[in-house]
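In: just a sequence and a predicted model for now, questions to come.
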Amino acid sequence: MINLISKRLNQSANLVLFNLNGRNQIKNLFLIQSNNICHKNDLDPEVTKLRYPPFPYKEKNLNIFHKYFRLEGFMPTIGKFTENTKVVVVEGNIGSGKEAIAKKLADDLGMKFIPDVTPELEYKSDIDGFDWRNLNKHLHEDVWYPDFKTVLETKNPYQAAAWEMLLLKTRTYIYLTALTHLMNTGDGVVLERSPWSGTVFARTLNNLNLVGKEFLDHYWEVRSAACCTIFRPHIVIYLDVPVDKCLETAKRNNTHDCGHLLDEEYLELVEKNYKNHFLPVIEEHAEVFTYKLNEPVTEESAPELSELIVDELSKSNMDEYFMNVTKYQEKFEDWRFHDSDERLNHLRWFVTKKKKDVLTHFDYYPYYVDELWPAYNLLFARNFVTSNALEDRDIKLYNQRSFKEKYFGRKKSFDEKDSEEWLIKTGYPPDYIQADG
């Protein structure tokens, strides 16, 4: 019944919305998406003038009426797009200067910069600043809340496997957040790394004999299941910097607070897996630009490199891959499938409201992957410690609230509601459900 009503209402609503201020002159989706990326000052003025305003997805909630009845603020998604409505991912070895060039590139292109995962993002609470790694002193080493530093220090396979799965889950969530921003505002995004490059570091741990083949198989299975519903990036920029220079920069900047623990062997394996496994595969689906540099990118050298990248992006043949689908069937296949506003509206609804459904793929721990199953009594002990810490934190936060908030409740922002759906931000460990038995 709802579908019938919505279709009838859409017939008149579409005519009204698309004829407002001449917005029916907006280009076809293929033409917009196939246009080359350009500097923010060189955007097509006709398209920019006719763009629909961004939807404030952080302040306002998308509800069922937006999806089915196409209320103002939700429709149309195509009307928000420009040439730069694209996903750009900057990849490279540790210490190659990805953050510096990604920030400058986002500024030049008028896109939103989204940084890579940090341990603080995963374990530090947004509410009171409590770091869940502080509980490690009460836990056995096999069930610590791991980070990159503890993996390199302890060489513990349980920590290595848990850390890689946590990274994959967090990067998937961040990528969904990036798509949410793109679909609701029409602005492009520039990210450091993506869920698809996680296999580089999973393979590196396997090369170092920290995880086995069964873990790699499970890793790829989970990543395929989680990422099958989200789009690959349009552009991948790879910084090819010599390993010795990356190692020197990582130690000087103490990257992830573990620069002194990195060695040349680890970075060489990362570079090898990037070039032999990641880049050849992602090149089948996205435009890949490789820049061979003598030194890591710094804030001083970023503007010059950014100018070069923008110039090359503006001269790429993206329209060839969008239009000639018989020759390039896999290139931009995800984006070419959504060739109508109806499909884009569904995608926009999904990435904005259904992130939790994608993250459920990470709650499965097969029995045959030993690295994901430390002793049950240790998991039980971690659950006990974590539950007590959560209870103490809730009591502390409750006592800090005002009289009005205690007895009438506190109105939560949409950011807090969204973070509550993300299990990591609520303080629960990744295998909390399994540990309950």
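Out: Yep, it's here.
In: quick check: closest non-adjacent residue to V385.
Out: H138 (5.1 Å; CB to CB, 6 or more residues apart in numbering). All C-beta spots, glycine's among them, are computed from the backbone N, C-alpha and C.
In: where does the spatially closest residue to E284 that is not a sequence neighbour sit: helix, strand or coil?
Out: In this structure, E284 finds its nearest non-sequential neighbour in E330, 4.9 Å apart by CB to CB, 6+ apart. Here E330 is coil, with the state taken from DSSP: H, G, I helix; E, B strand; the rest coil.
In: next, count neighbours for E330.
Out: For E330, the neighbour count with other CB atoms under 10 Å is 13.
In: for it, give its distance to L121.
Out: Using CB to CB, to the nearest Å, we find E330 at a distance of 32 Å from L121.
In: could you pull out the strands in the stretch 1-150 of the chain for me?
Out: Counting by DSSP state E, counting those that start in this stretch, the segments of the stretch 1-150 of the chain that form strands are 87-92, 112-114.
In: now for those strands, which one comes closest to M318?
Out: Smallest distance to M318 across the strands of the stretch 1-150 of the chain (CB to CB): 12.2 Å, for strand 87-92.
In: name the helices or strands packed onto the closest one?
Out: Packing partners of strand 87-92 (3 or more CB pairs under 8 Å, 6 or more residues apart in numbering; DSSP states H and E): helix 98-109, helix 157-185, strand 189-192, strand 235-240.
In: most packed of these?
Out: Among the helices and strands packed on strand 87-92, strand 189-192 has the highest mean neighbour count (mean count of other CB atoms under 10 Å), at a mean of 24.
In: what lines up beside it in the sheet?
Out: Partners of strand 189-192 in the sheet, by DSSP bridges, are strand 87-92 (parallel), strand 112-114 (parallel).
In: avg pLDDT for that strand?
Out: Rounded to a whole number, the mean pLDDT of strand 189-192 is 94.
In: where does the stretch 51-200 of the chain dip in pLDDT?
Out: Along the stretch 51-200 of the chain, segments meeting pLDDT under 70 span 64-76, 126-128.
In: can you do 80?
Out: Across the stretch 51-200 of the chain, the ranges flagged by pLDDT under 80 are 59-79, 119-122, 124-130.
In: one more: the stretch 201-350 of the chain?
Out: The stretch 201-350 of the chain contains residues with pLDDT under 80 at 229, 256, 259, 317-330, 334, 336-343.
In: show me where it has strands.
Out: Using DSSP E, counting those that start in this stretch, the strands of the stretch 201-350 of the chain run over residues 235-240, 287-292.
In: wait, which of those strands is closest to E307?
Out: Closest among the strands of the stretch 201-350 of the chain, once you apply CB to CB, is strand 287-292, at 12.4 Å.
In: list the contacts for the spatially most central residue of the chain?
Out: Against the mean C-alpha coordinate of the chain, by CA atoms, centre = their mean, the closest residue is Y175 at 2.0 Å. Y175 is in contact with 191, 194-195, 230, counting by CB atoms under 8 Å, 6 or more residues apart in numbering.
In: make JSON lines out of the strands of the stretch 201-350 of the chain and add distance to N36.
Out: Compiled in JSON lines, the strands of the stretch 201-350 of the chain are given as follows (distance: least, CB to CB, whole Å):
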{"stretch": "strand 235-240", "distance to N36": "10"}
{"stretch": "strand 287-292", "distance to N36": "10"}
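In: out of the ones you listed, which comes closest to L166?
Out: Of all the strands of the stretch 201-350 of the chain, strand 235-240 comes closest under CB to CB, at 23.2 Å.
In: does anything pack onto the closest one? Which helices or strands?
Out: Partner elements for strand 235-240 (3+ CB pairs under 8 Å, 6+ apart): strand 87-92, helix 98-109, helix 279-282, strand 287-292.
In: and the third one, C-alpha only, in CSV?
Out: Listed in CSV are the C-alpha atoms of helix 279-282, where the atom choice follows Å, rounded to 0.1, in the frame of the first residue of the first chain:
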residue,chain,number,x,y,z
LEU,A,279,47.4,-2.3,-6.8
PRO,A,280,46.8,-4.9,-9.6
VAL,A,281,43.4,-5.8,-8.2
ILE,A,282,42.1,-2.3,-7.4
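In: how's this protein carved up into domains?
Out: Domains of the chain are assigned by automatic domain parsing as 2-26+33-80, 87-371.
In: tell me which of those domains is the most buried.
Out: Across the domains of the chain, averaging neighbours per residue (mean count of other CB under 10 Å) puts domain 87-371 on top, at a mean of 19.
In: quick revisit: now the residue nearest to V385: how far from A381?
Out: From H138 across to A381, the span is 8 Å (CB to CB).
In: now do V222
Out: 26 Å.
In: what's C258 in contact with, if anything?
Out: For C258, the contact set (CB under 8 Å, 6+ apart) comprises 148-149, 152-153.
In: let's see that with 10 Å instead.
Out: 94, 119, 147-153, 250-251 (CB atoms under 10 Å, 6 or more residues apart in numbering).
In: closest one of these to V288?
Out: Closest approach to V288 among the contacts of C258 (CB to CB): I94, at 19.8 Å.
In: give me phi/psi at the closest one?
Out: Torsion angles at I94 (phi, psi; degrees, to the nearest 10) stand at phi -60, psi 130.
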